[in-house]
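*Asks:* okay, predicted coordinates and the sequence, questions at the end:
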Amino acid sequence: MTGSRKYSNQEREKIMPANLTLSIETNAGGVAKSTISYNLAYELGVRGYSVALLDIDPNESLTLFCGLGEFKTQGTMANVYHPDFNGNWPLVTAWQGKIDKIQVCKGGKELHETIREVSKDLRGTYTLADRLSDYPLSHDFVIIDCPATLEPLPLTALAASSHVLIPIQPSATKVEDIQQEQLRDLLAVLEAKAKEIRKKLD
Ligand SMILES: Nc1ncnc2c1ncn2[C@@H]1O[C@H](COP(=O)(O)OP(=O)(O)OP(=O)(O)O)[C@@H](O)[C@H]1O
Ligand SMILES: [Mg+2]
């Protein structure tokens, strides 16, 4: 994105539709998924959009990058996945005082148990999609920062998302072919999973 101009509501509607759910996922580690998540959220926030950042990584890098590591909240994303979730999203405002449009639902080690629960449940892949459908967030954008794997939590993000962003690291020419091949493989896997998910939803 260029510049940091704040847009009017009308301009915002023209530029980007609201209610977009974007998951940032790939099976590669350390490729800036969390960095992109919070920078994108911040830039959207500066432009006047509201953003919910969902951290579904047990390593909670996004939570830490947003300066919320020590911040006590009512819960984390683990509570959202829990069968007892009642729609009370444990959101906390990031960068308070600077910008008030970005809210984070923290990740954390509690998500290890969530991974086990989601894996056991036949409808586990749809948990997050169900939560967002039963208890919708009113933000213009929902951004989901995934851990560096494709299963099982990133699959819940895939099922819940309208868009997916796959970060890749730029590399020297010689390895570009391999990288492109790997990317094609990854896209094929994600497309197949998305097709599977859509088929089950129909
Ligand atoms: N454009 C960049 N230039 C230099 N360093 C970067 C850039 N983007 C991210 N980093 C650094 O690379 C490291 C990994 O980034 P980040 O944690 O965002 O990756 P990730 O894909 O979310 O990792 P993980 O797979 O562990 O979740 C961080 O220390 C981050 O500050
Ligand atoms: Mg990360």
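*Replies:* Thanks, I have it. Ligands and ions are numbered 1, 2, ... in the order given.

*Asks:* what does the chain put close to ligand 2?
*Replies:* Selection of the chain residues close to ligand 2 by Cβ under 5 Å from the ion yields 33-34, 61. Every C-beta, even on glycine, is put in place using the N, C-alpha and C of the backbone.

*Asks:* can you do 8 Å?
*Replies:* 29-30, 33-35, 37, 57, 59, 61-62, 145-148 (Cβ under 8 Å from the ion).

*Asks:* neighbour-wise, which of these leads?
*Replies:* Most neighbours among these, by other Cβ atoms under 10 Å: residue 145, with 31 neighbours.

*Asks:* would you check that it makes contact with residue 33?
*Replies:* Yes - counting by Cβ atoms under 8 Å, residue 145 does reach residue 33; the two are 5.8 Å apart.

*Asks:* what sits in contact with each of those two?
*Replies:* residue 24 (Cβ atoms under 8 Å, 6 or more residues apart in numbering).

*Asks:* residues contacting the closest residue in space to residue 94 that isn't next to it in sequence?
*Replies:* Spatial nearest neighbour of residue 94, excluding adjacent residues (Cβ to Cβ, 6 or more residues apart in numbering): residue 66 at 4.3 Å. Residue 66 makes contact with 38, 53, 94-95, 102, 104, according to Cβ under 8 Å, 6+ apart.

*Asks:* how much space is there between residue 66 and ligand 1?
*Replies:* 12 Å (Cβ to the nearest ligand atom, to the nearest Å).

*Asks:* now that residue: how far from residue 183?
*Replies:* As judged by Cβ to Cβ, to the nearest Å, residue 66 and residue 183 stand 28 Å apart.

*Asks:* cool, residue 193 as well?
*Replies:* Taking Cβ to Cβ, one finds residue 193 at 15 Å from residue 183.
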